[in-house]
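Undergrad: curious how this folds, go ahead:
(2 chains)
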2 protein chains.
Amino acid sequence: MKDLNCTRCKATDSPNRITNVCKRCASPLLVRYGLDRLKHSWDRESLRERSFDMWRYRELLPVDDPEEIVSLGEGGTPALPFTRIGENWGIPRLMMKDEGFNPTGTFKARGAAAGITRAKALGIQKVAMPTAGNAGGAWAAYAAAAGMELMVAMPVDAPESNQRECLLYGADLQIVDGLISDCGKWVERAVEEEGYFNAATLKEPYRVEGKKTLGLEIAEQNGWAWPDVIVYPTGGGVGLIGIWKAVEELARIGWVTGKPPRMVAVQMEGCAPIVEAFRNGWKESRFWEGARTAASGLRVPKALGDFLALDALYRSDGTAVAVSDTTAKTALRTLARTEGCWICPEGAAGLAAIRKLRREGWIDGRESVWLMNTGTGMKDSEWAG
Amino acid sequence: MKDLNCTRCKATDSPNRITNVCKRCASPLLVRYGLDRLKHSWDRESLRERSFDMWRYRELLPVDDPEEIVSLGEGGTPALPFTRIGENWGIPRLMMKDEGFNPTGTFKARGAAAGITRAKALGIQKVAMPTAGNAGGAWAAYAAAAGMELMVAMPVDAPESNQRECLLYGADLQIVDGLISDCGKWVERAVEEEGYFNAATLKEPYRVEGKKTLGLEIAEQNGWAWPDVIVYPTGGGVGLIGIWKAVEELARIGWVTGKPPRMVAVQMEGCAPIVEAFRNGWKESRFWEGARTAASGLRVPKALGDFLALDALYRSDGTAVAVSDTTAKTALRTLARTEGCWICPEGAAGLAAIRKLRREGWIDGRESVWLMNTGTGMKDSEWAG
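TA: The predicted structure is shown next:
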């Protein structure tokens, strides 16, 4: 790591101190690495000796010493070819990155592994975060593995399965009678009064580094080239930001030099602030009133990193699509019967969007398309039934 | 594959025809490979170029052509060091093979992948099986991926989560008002009258080959040497039989020549036929009347392959242990809070047994001990809570 860099005012900070956001403008910080040096000192051959998990890319992760890593087997998820449904839909080169193969069953494990690893290395002992669902379970698992205290603030309507896993992993679960924004305030109070470290989305610089490994794995599994299109169900958008960061870093170190992928953000019609912003050419989204979707991971009315996600869409020549919960559910069921995979509601939204984009011609039948399924369907088993 | 070999009368059969059990004595058949030839033609170096899933060992699997493989990303599961709980319990070299990282969340995926792959290659189009739980979900997923018909007969008290996944994957689910043995009869009728292929445990030779890859992966992840002890929660015992088959085959091809592991079968006190048989030195178990345990995977009153599992225990200088559901649940909760892993009830039984064996001195504090966690805890989330 070279430094932390503000995403708005470009001020820098040190990665070797406990830091949340930019001290000057309070915007999210992202890690910068010595990429020019890495370009010469690190090559793809070195990966051959390493196991297939997200830490194989540790030169591009916030870890100084492999001994620091808090791991539960995250990353290294399969890339599954969906030949049958792909041919039915006229997209024979359809692939799915199945993030259900992660600890706690979702891609949130990547962010938690990176965030907890760095927090532990910096000597943090007490972490607090607001969450509407799966991130809480993931952080609770990694905090347990690291022997750290975790306080999770969850809205009263959060999925029971997520509440249960937080408790099982020994987290201090605070059920807040309000929205996710009220949980955020709860956490800020705990940070001020009780000395917790705030690990809310993009309020610390390292979670996005874990999500970035999604992009690194896509590149490697696709033979160090980008697919034409990457489809990402977008709630907070950290995965999208992370994948795009991987695109830029791999270009800088010369590992993937071809055309970058067109990034697609998918949301549900009942909560589509990024889609609205993209259609209007805005740099930021507006708060979405009355958010309604059964996909809790997409029930994010206004993401802190919206401007970064939108920037990736514009720069990649991508797009943003909204689908209905019903269409997503139909896509999920079709997939289960055709390919034997049970994806989460968020992944199902992505799948439905792919069909829509193919029908509209935005996706060409010769293109390679990668769907990010952000978690296993087993955690939302009632939704599918 | 060289041939199919009867586990009792040693008669042989061809792997290139559709076959269930020994034509002479109706006992289970196991696949034999040309191991002497493999010893010279295949080396561990060849694995370096292959992705870390169970098919990397395809020379020891029932597949003639990699194109035949029906895969959903099974195998290649993490081996997690449990340093913290291990030190608390005086077993610092405690590891867990986490089979929750499989399609459908359990190790049943390995057997289903091998079984469906071979069935498809042999031209089988309709498969039927009795199951009390997770195997049904796994076979339903692979049958969907292969475009095959699957009929699953499940007892009326089978977990709802397993019923739901079978339906989602498009299987023909038959709820039988009776025991698993009644489901077996149901399947036999469907086989006779409607031309289904019977894929019940050890009624076809290939499922155990998939389970065998558990053993192959343990050996590789442990640096091509066996741990001192492997602890396996034993219902039907196919995994135990498979791991022991891996021990014998790896010795024959010269890849692991050291001391074999001591195999431990773990059952619940409410259904412990293998433990009873082991304590009495029997070659086979007796039907366990009134089986009672919340761990559906261990609710097997009399396993068809009991004699093979017992043989592995005797020959490996192993043992068999029963624990209570309560002790298992306590072990599960301790593990979740200490290591951040949520294991299934069956895995929890294994963990509780390890603690017991350590206290009794059967496991020494310097020994390396590998627990097989056969599935994710998320599928039995109410049990843990």
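Undergrad: ok, now which ones touch residue A:265?
TA: If a contact means CB atoms under 8 Å, 6 or more residues apart in numbering or on different chains, then residue A:265 has A:232, A:234, A:237, A:240, A:274-275, A:278, A:309, A:313, A:318-321 as its contacts. Any C-beta I mention is one placed from the backbone N, CA and C, and that applies to glycine too.
Undergrad: filter those residues down to just the ones in helices.
TA: In this view, the contacts of residue A:265 that belong to helices under DSSP state H are A:240, A:274-275, A:278, A:309, A:313.
Undergrad: so residue A:267 sits in a helix?
TA: No. Note on residue A:267: no helix contains this position according to DSSP: H, G, I helix; E, B strand; the rest coil, which reports strand.
Undergrad: and for it, the neighbour number?
TA: Using other CB atoms under 10 Å in any protein chain shown, the number of residues around residue A:267 comes to 31.
Undergrad: what of the one 3 residues further on?
TA: For residue A:270, the neighbour count with other CB under 10 Å is 17.
Undergrad: one more: residue A:220?
TA: Here the number of neighbours of residue A:220 (other CB under 10 Å) works out to 18.
Undergrad: surely it meets residue A:48?
TA: No. With contact defined as CB atoms under 8 Å, residue A:220 does not count as touching residue A:48 (11.0 Å).
Undergrad: where's residue A:112, which helix or strand?
TA: Using DSSP states H and E, the secondary-structure element containing residue A:112 is helix A:108-121.
Undergrad: that older thread, farthest-separated two in the ones in helices among the contacts of residue A:265?
TA: For those, the farthest-apart pair by CB to CB is A:240 and A:275; their separation is 12.8 Å.
Undergrad: show me which of these two is the more surrounded one.
TA: Shown here are residue A:240 and residue A:275; by other CB under 10 Å, residue A:240 has more neighbours (32 against 24).
Undergrad: from the ones in helices among the contacts of residue A:265, which is closest to residue A:132?
TA: Set against residue A:132, the nearest of the ones in helices among the contacts of residue A:265 by CB to CB is residue A:274 (16.4 Å).
Undergrad: wait, the closest one sits on residue A:234?
TA: Yes. Taking CB under 8 Å as the definition, residue A:274 is a contact partner of residue A:234 at 5.4 Å.
Undergrad: what do those two both touch?
TA: By CB under 8 Å, 6+ apart, the residues touching both residue A:274 and residue A:234 are A:265, A:267, A:303, A:309, A:320.
Undergrad: and residue A:203, how far from chain B?
TA: Noted for residue A:203: a distance of 22 Å to chain B, by CB to the nearest CB, to the nearest Å.
Undergrad: again, but for residue A:115
TA: Remark: distance between residue A:115 and chain B (CB to the nearest CB) = 14 Å.
Undergrad: looking at it, that residue is touching residue A:198, isn't it?
TA: No. With the criterion set as CB under 8 Å, residue A:115 and residue A:198 do not qualify as a contacting pair; they are 11.1 Å apart.
Undergrad: quick one, which of those two is more surrounded?
TA: residue A:115 (29 against 18).
Undergrad: and stretch A:373-383, is it in reach of chain B?
TA: Yes. In terms of CB under 8 Å from any CB of the partner chain, part of stretch A:373-383 sits within range of chain B, namely A:376-379, A:381.
Undergrad: buried residues, the helix or strand hosting residue A:331. List them.
TA: According to DSSP H and E, residue A:331 maps onto helix A:325-339. Of the residues in helix A:325-339, those with enough neighbours to count as buried (16 or more other CB atoms under 10 Å in any protein chain shown) are A:325, A:327-339.
Undergrad: of those residues, list those near chain B.
TA: The subset of these within reach of chain B, by CB under 8 Å from any CB, is A:333, A:336-339.
Undergrad: need these in a markdown table with pLDDT, can you?
TA: Converted to a markdown table, these look like this (pLDDT from 0 to 100):
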| residue | pLDDT |
| --- | --- |
| A:333 | 97 |
| A:336 | 98 |
| A:337 | 98 |
| A:338 | 97 |
| A:339 | 98 |
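Undergrad: name the helices or strands packed onto the least confident helix or strand in chain A by mean pLDDT?
TA: Per-element confidence for chain A was summarised using mean pLDDT, DSSP states H and E. The lowest value among helices and strands belongs to helix A:381-384, with a mean of 85. For helix A:381-384, the packing partners by 3 or more CB pairs under 8 Å, 6 or more residues apart in numbering or on different chains; DSSP states H and E come out as helix A:325-339, helix B:160-168.
Undergrad: which outside residues touch the shortest one?
TA: Looking back up the chat, that one is helix B:160-168. Helix B:160-168 is contacted from outside by A:333, A:336-337, A:342, A:377-378, A:381, A:384-385, B:104, B:131, B:133-134, B:136-137, B:140-141, B:152, B:154, B:173, B:175, B:296, B:379-380, using CB under 8 Å, 6+ apart.
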